[in-house]
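Asks: I would like the atomic coordinates for the input below:
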Amino acid sequence: MTGHAHDCSKSERADTPHYTSRFFDYCGNVLEAWGEAGGQQGDPLEMIVFCLTVHHLWGRTLAKHNQDACAVAYADDGYIKAKLAVAVEVLSDIKQVLKGGRWPGPQ
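Replies: Numbering: from 1, shown residues only. Take a look at the predicted model:
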């Protein structure tokens, strides 16, 4: 069997938001992986959407700490530079915010 993996961003069923990823195993068999939540892994547009979504969350969280902390983030990897106590507080705050909780501290 020759060919390349076929990757669909949506399933063939129009009534669901699910997606299907098709790929070949080492024996050439076509396998399917179904997704139900979030974006398609490896989709470049999903990376852009994710970064646009979390950028302001990082900014607002760091603004709470004035000049005591700074951070660099790429996709879902973040690095915090601060004294340990401040870094732990920033980490706790960003974790709470990214999980969909309320903003820590004064609004």
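
Asks: from here on, contacts and neighbour counts on C-alpha atoms
Replies: Noted.

Asks: Okay, buried residues for the helix ranked longest in the chain please.
Replies: Counting by DSSP state H, the longest helix found in the chain is helix 44-63. Counting neighbours by 16 or more other C-alpha atoms under 10 Å, one finds that the buried residues in helix 44-63 are 47, 54, 57-58, 61-62.

Asks: what's it packed up against?
Replies: strand 69-74, helix 84-98 (3 or more C-alpha pairs under 8 Å, 6 or more residues apart in numbering; DSSP states H and E).

Asks: Quickly list what residue 77 is bridged to.
Replies: residue 74 (DSSP bridges).

Asks: And the pLDDT for it?
Replies: Residue-level confidence at residue 77 comes out at 88, pLDDT.

Asks: What separation is there between it and residue 22?
Replies: According to C-alpha to C-alpha, to the nearest Å, residue 77 and residue 22 sit 27 Å apart.

Asks: ok, the two, which is more surrounded?
Replies: More crowded of residue 77 and residue 22, by other C-alpha atoms under 10 Å: residue 22, with 16 against 7.

Asks: Bridged to the more buried one, which residues?
Replies: Here residue 22, judged by DSSP bridges, has bridge partners residue 32.

Asks: what about it, distance to residue 33?
Replies: 6 Å.

Asks: swap in residue 70?
Replies: Distance from residue 70 to residue 33, counting by C-alpha to C-alpha: 39 Å.

Asks: Centre of the chain to the lowest-mean-pLDDT helix or strand in the chain, how far?
Replies: Within the chain, no helix or strand scores below strand 19-24, which has a mean of 75 by mean pLDDT, DSSP states H and E. How far strand 19-24 lies from its chain's middle: 20 Å, per C-alpha atoms, centre = their mean, to the nearest Å.

Asks: CA atoms of it as PDB?
Replies: Only the C-alpha atoms of strand 19-24 are listed here, as PDB (Å, rounded to 0.1, in the frame of the first residue of the first chain):
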ATOM      1  CA  TYR A  19     -12.600  15.700  14.000                       C
ATOM      2  CA  THR A  20     -10.800  12.600  12.600                       C
ATOM      3  CA  SER A  21      -7.100  12.200  12.100                       C
ATOM      4  CA  ARG A  22      -6.100   9.400   9.800                       C
ATOM      5  CA  PHE A  23      -2.600   7.900   9.700                       C
ATOM      6  CA  PHE A  24      -0.700   4.800   8.700                       C
END
